[in-house]
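Peer 1: Just to be clear, the model below is a prediction. Sequence and coordinates:
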Amino acid sequence: MLMSSADRPAKLTYGPNGFRVLSGGHFVLCAVTGEKIPLEELRYWSAEFQEPYASAEIATKRLTGKA
């Protein structure tokens, strides 16, 4: 059975001002909650830790060590 890119997460590299898609997919998984984040809705990530986050609150907690 073939999987479309919608069925698997994208692989990204995160920079300070954006991200680059390394392999196709339509979403990434939040590093804290595991929630699917559609690429068009991805707004929060850490370039240092190379992790995506589902919300500003989750990113803040993760980066301050409270998550």
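Peer 2: Noted; the coordinates are in hand.
Peer 1: What count of nearby residues applies to Pro38?
Peer 2: 12 (other C-beta atoms under 10 Å). (Glycine included, C-beta is placed from N, CA and C.)
Peer 1: Surely it and Phe27 touch.
Peer 2: Yes: if you go by C-beta atoms under 8 Å, Pro38 and Phe27 touch, sitting 5.1 Å apart.
Peer 1: Give the burial count for the nearest residue to Gly25 once chain neighbours are set aside, as a bare number.
Peer 2: Spatial nearest neighbour of Gly25, excluding adjacent residues (C-beta to C-beta, 6 or more residues apart in numbering): Ala10 at 3.1 Å. Ala10 has 20 neighbours, counted by other C-beta under 10 Å.
Peer 1: Run through the residues that contact Ala10.
Peer 2: Residues near Ala10 by C-beta atoms under 8 Å, 6 or more residues apart in numbering: Val21, Leu22, Ser23, Gly24, Gly25, His26, Phe27, Val28, Leu39.
Peer 1: for the last one, phi and psi?
Peer 2: Backbone dihedrals for Leu39, given as degrees, to the nearest 10, come out at phi -60, psi -40.
Peer 1: Val28 is in contact with that one, correct?
Peer 2: Yes: contact criterion C-beta under 8 Å: Leu39 and Val28 qualify, at 7.0 Å.
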